[in-house]
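Colleague: quick one, structure for this:
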Amino acid sequence: MHAAVGDRLVVHSAVVGEHEKHGEIIEVRGPEGGPPFLVRFEDGHEALVFPGPDAVVVAAQRGS
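Modeller: Have a look, this model is predicted:
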């Protein structure tokens, strides 16, 4: 999994009734765009995330 600053991280819930977690990647600490990622979630908290198989990186639209 690779990401860049500004990309979005979506963590799907493995529990019925739980919502997905969405956040913005604000720092990439791994080599060549790999994890861990520092993520600012929608509720404002920040966490260092090592994404698992339930997570997806959505690339930010970048200008030409």
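Colleague: so which residue is smack in the middle of the chain?
Modeller: Using CA atoms, centre = their mean, the residue of the chain that lies closest to the mean C-alpha position is residue 9, 2.5 Å off.
Colleague: so what's that residue up against?
Modeller: By CB atoms under 8 Å, 6 or more residues apart in numbering, the contact set of residue 9 is 3, 21-25, 37, 39, 49, 51, 55-58. All C-beta spots, glycine's among them, are computed from the backbone N, C-alpha and C.
Colleague: format those residues as a markdown table; extra columns: neighbour count.
Modeller: What follows is those, written out as a markdown table (neighbours: other CB atoms under 10 Å):
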| residue | neighbour count |
| --- | --- |
| 3 | 21 |
| 21 | 18 |
| 22 | 14 |
| 23 | 22 |
| 24 | 17 |
| 25 | 23 |
| 37 | 27 |
| 39 | 24 |
| 49 | 18 |
| 51 | 19 |
| 55 | 18 |
| 56 | 13 |
| 57 | 18 |
| 58 | 12 |
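Colleague: tell me which two of those residues sit farthest apart.
Modeller: Distances among the contacts of residue 9 were taken as CB to CB; the most separated pair is 3 and 21, at 15.2 Å.
Colleague: I'd like the distance between residue 40 and residue 15.
Modeller: In this structure, residue 40 and residue 15 are separated by 23 Å, where distance is defined by CB to CB, to the nearest Å.
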